[in-house]
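[1] got a predicted structure plus its sequence, pasted below:
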Amino acid sequence: MPARQDLRDIAIVAHVDHGKTTLVDAMLWQAGSFRENEEVAERVLDSMDLEREKGITILAKNTAVRFGDVKVNIVDTPGHSDFGGEVERALTMVDGVLLLVDASEGPLPQTRFVLRKALEARLPVILVVNKVDRPDARIEEVVDEVYELFLDLDADESQIEFPIVYCNARAGRAGLSADALADDLRPLFEVLLAAIPAPVYEEGHPLQALVTNLDASPYVGRLAICRVREGTIRRGQEVAWCRSDGRIERAKVTELYVSEALDRVEAAEAGPGELVAVAGIPEVTIGETLADRDDPRPLPVIGVDEPSLAMTIGINTSPLAGQDGARLTASMVEARLAQELVGNVSLRVLPTARPDAWEVQGRGELQLAVLVELMRREGFELTVGKPEVVTREIDGTLHEPVEHLSIDAPEEYIGVITQLLALRKGRLQQMVNHGTGWVRMEYLVVARGLIGFRTEFLTETRGTGILHHVFEGYEPWHGELRTRPTGSLVADRRGAATAFALLNLQERGQLFVAPGAEVYEGMIVGENARAEDLDVNPTKEKKLTNMRSSTADELVRLIPPRLLSLEQALEFIGDDECVEVTPKNVRLRKVELSAQKRQTASSRKARGLAGIS
């Protein structure tokens, strides 16, 4: 079959923070994509505010560089397993992958996830060992670990014979030997052109272009990001739009764009292998095919892994609703969730018993938290429930998702980590001591046990531990878990919190509110040191008398409150609690605000009457 030697399509895949976006920066600079005096931000492809704040890639993005006469289309993919749906889509657009691995950390759970997807798609792999300049680099051991990973994933002989390039992405240097890096990335480009096959096509085949991503332009509306599989697509062309439900409709390509560096430039036509953006089809969605009008041949729809975590998102029902945000109604929330489904193939939205709340299923806590964070920045006020695992029934038995957990921590914390994970029914798979004072532990843990684990883990390891986890599979239900040993301090009335009341309450546990904060009945104002919940009055004022006191002018010393981020709040809450999210505040509260009703429900439950109305 003929091939387009002037084109290469690659995806850069790796674990989070191993340097993918930094490497793309260096490739763009060295390909002459920017002027000498042009001001360009670091990690230029991380264009969302949230990506820059968190330092991670959330959405897959494509760019293009030129090396000699060859155009290289590059897809930068997220490194976090929660955004695995983006990786699966990206791999349908390319003919090969650059697998980036940190020279010190080696392959981690997400490395396994993205490599497994690449091997299933039969894509050739180039191993790029990045950060070889690190003082703790262990290059030979990392390469051996990657070979072991390929064997674990049942790679065949042709896949295991992969080329290796050593790289310092931040300095823009690469080489075929770790101790002999060139001054630029030329060795990487040369290996890339030799190892990644050019796109092949069939002469005379009718048009087939698979929609793999969506974008929007303020001028031309929705853009369908496609890879042209066969044939040629032209601006102004009438095409057959093969929809996901099996219908075939007529559509017109009003505008056609291809990538050049960071810009989309207008093109008259694009041939097989090219990554294009098509305007003119306002309702097109991911997985659909643009085909020849007279001979439509739909391509298979993209398949992605099923969600493993769910949480309820509904309108804000607290007494303070409507004070911060502008988007408050159920219809607005429903429309926004429907809009998110269009561009995110790994999410599901299901109705609940209440008309103003929906169950949203995704890959993990971070993916769902990012969605809520984006919505609050858009002016929504929401009530978000505790994340729960998505179970399924296999052969008549209830099964739950299990995660592969990888931990790097100083060796003095081995005991406390083992104790934490034993409570969560974790099974130790492997433990390696690198001889540097750090140890790597690999566990299989039920996904339920990892909800809220990160905060506790960082506390116990004094912030030094690093953990990553990725979905492993389903196992029979492991029984009940008790992962949070503490209760909540719950306000019993509405008002402003006072320093006098909080001074007395801080002996009970850690507080979440500062003096002057508005509280209401059912709002959680702190964490109780004991296991049960405690109703408290944070609005109590000091009684004033006309008697002088020798201690009247003493300074009240309050411990600063613990201000929880959205992710920390979702990790902290219990089964009967939820999070109130507004553009300016994140508050914890009980699902049932009334203390009297909560007391009645708990006493009925204790007597076995919970199911009786």
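    Arrived safely, thanks for sending.
[2] going forward, measure contacts between C-alpha atoms and count neighbours the same way
    Fine.
[3] count the residues that sit near Ala330.
    As a burial measure, Ala330 scores 17 neighbours (other CA atoms under 10 Å).
[4] which residues of the stretch 201-350 of the chain fall in strands?
    Secondary structure of the stretch 201-350 of the chain (DSSP state E, counting those that start in this stretch): strands at 208-217, 221-230, 233-234, 238-242, 248-252, 255-260, 263-266, 269-270, 275-279, 289-292, 309-315, 348-351.
[5] of those strands, which is nearest Thr486?
    strand 309-315 (22.0 Å; CA to CA).
[6] so which residues of the stretch 1-150 of the chain form strands?
    Residue ranges of the strands in the stretch 1-150 of the chain, as given by DSSP E, counting those that start in this stretch, are 7-14, 61-67, 70-76, 96-102, 125-130.
[7] ok so, going back, most packed of the strands of the stretch 201-350 of the chain?
    Scoring these by mean neighbour count under mean count of other CA atoms under 10 Å gives strand 289-292 as the most buried, with a mean of 29.
[8] let's have the strands of the stretch 1-150 of the chain in JSON lines, adding mean neighbour count, distance to Glu480 and mean pLDDT.
    As requested, those are arranged in JSON lines below (neighbours: other CA atoms under 10 Å; distance: least, CA to CA, whole Å; pLDDT from 0 to 100):
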{"stretch": "strand 7-14", "mean neighbour count": "26", "distance to Glu480": "35", "mean pLDDT": "84"}
{"stretch": "strand 61-67", "mean neighbour count": "21", "distance to Glu480": "41", "mean pLDDT": "79"}
{"stretch": "strand 70-76", "mean neighbour count": "22", "distance to Glu480": "40", "mean pLDDT": "84"}
{"stretch": "strand 96-102", "mean neighbour count": "26", "distance to Glu480": "37", "mean pLDDT": "88"}
{"stretch": "strand 125-130", "mean neighbour count": "24", "distance to Glu480": "42", "mean pLDDT": "89"}
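[9] could I get these as CSV with distance to Thr418?
    As requested, those are arranged in CSV below (distance: least, CA to CA, whole Å):
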stretch, distance to Thr418
strand 7-14, 28
strand 61-67, 39
strand 70-76, 36
strand 96-102, 26
strand 125-130, 31
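[10] quick one, which of the ones you listed is nearest to Glu381?
    Among those, strand 61-67 comes nearest to Glu381, with 29.5 Å by CA to CA.
[11] Thr459 is nearest to which of the strands of the stretch 1-150 of the chain?
    With respect to Thr459, and counting by CA to CA, the nearest of the strands of the stretch 1-150 of the chain is strand 96-102 at 25.8 Å.
[12] quick check: angle from the closest one to strand 70-76?
    Here strand 96-102 points in a direction 50 degrees away from that of strand 70-76 (axes from the mean of the first three to the mean of the last three CA atoms, to 10 degrees).
[13] next, the angle strand 125-130 makes with strand 96-102.
    For strand 96-102 against strand 125-130, the angle by the same axes, to 10 degrees is 30 degrees.
[14] okay if I get the strands of the stretch 201-350 of the chain as a markdown table plus mean pLDDT and distance to Glu157?
    Rendered in a markdown table, the data for those read as follows (pLDDT from 0 to 100; distance: least, CA to CA, whole Å):
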| stretch | mean pLDDT | distance to Glu157 |
| --- | --- | --- |
| strand 208-217 | 80 | 30 |
| strand 221-230 | 84 | 27 |
| strand 233-234 | 87 | 37 |
| strand 238-242 | 87 | 38 |
| strand 248-252 | 87 | 42 |
| strand 255-260 | 84 | 35 |
| strand 263-266 | 80 | 39 |
| strand 269-270 | 86 | 35 |
| strand 275-279 | 87 | 30 |
| strand 289-292 | 87 | 34 |
| strand 309-315 | 89 | 36 |
| strand 348-351 | 89 | 38 |
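[15] turn the ones you listed into a markdown table, including distance to Asn62.
    Formatted as a markdown table, the entries for these read as follows, by distance: least, CA to CA, whole Å:
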| stretch | distance to Asn62 |
| --- | --- |
| strand 208-217 | 10 |
| strand 221-230 | 10 |
| strand 233-234 | 19 |
| strand 238-242 | 23 |
| strand 248-252 | 24 |
| strand 255-260 | 8 |
| strand 263-266 | 10 |
| strand 269-270 | 16 |
| strand 275-279 | 8 |
| strand 289-292 | 19 |
| strand 309-315 | 28 |
| strand 348-351 | 25 |
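[16] so which of the ones you listed gets nearest His399?
    strand 309-315 (13.4 Å).
[17] okay, now the unreliable bits of the stretch 51-200 of the chain?
    Across the stretch 51-200 of the chain, the ranges flagged by pLDDT under 70 are 51-61, 79-85.
[18] do you have the helices of it handy? List them.
    For the stretch 51-200 of the chain, the helices defined by DSSP state H, counting those that start in this stretch cover 84-91, 109-120, 139-152, 157-160, 186-195.
[19] the residue nearest to Ala369 when sequence neighbours are not counted in helix, strand or coil?
    Counting by CA to CA, 6 or more residues apart in numbering, the nearest residue to Ala369 once its immediate chain neighbours are dropped is Glu567, at 6.1 Å. Secondary structure assignment for Glu567 (DSSP: H, G, I helix; E, B strand; the rest coil): helix.
[20] surely Glu567 touches Gly364?
    No - Glu567 lies out of contact with Gly364 (CA atoms under 8 Å); the separation is 11.2 Å.
[21] looking at these two, which one has more neighbours?
    Per other CA under 10 Å, whichever of Glu567 and Gly364 has more neighbours is Gly364, with 25 against 18.
[22] circling back: Glu148: which of the strands of the stretch 201-350 of the chain is closest?
    Glu148 sits nearest to strand 309-315 of all the strands of the stretch 201-350 of the chain, at 30.1 Å, using CA to CA.
[23] can you pull the contacts of Glu460?
    Tyr413, Val416, Ile417 (CA atoms under 8 Å, 6 or more residues apart in numbering).
[24] separation between it and Thr486?
    According to CA to CA, to the nearest Å, Glu460 and Thr486 sit 15 Å apart.
[25] including mean neighbour count, could the helices of the stretch 51-200 of the chain go into JSON lines?
    Conversion of these to JSON lines gives the following (neighbours: other CA atoms under 10 Å):
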{"stretch": "helix 84-91", "mean neighbour count": "24"}
{"stretch": "helix 109-120", "mean neighbour count": "21"}
{"stretch": "helix 139-152", "mean neighbour count": "16"}
{"stretch": "helix 157-160", "mean neighbour count": "12"}
{"stretch": "helix 186-195", "mean neighbour count": "17"}
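[26] okay, these in TSV with distance to Phe67 next?
    Listed next are those as TSV, based on distance: least, CA to CA, whole Å:
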stretch	distance to Phe67
helix 84-91	22
helix 109-120	24
helix 139-152	27
helix 157-160	25
helix 186-195	7
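[27] His15: which of those helices is closest?
    His15 sits nearest to helix 109-120 of all the helices of the stretch 51-200 of the chain, at 4.9 Å, using CA to CA.
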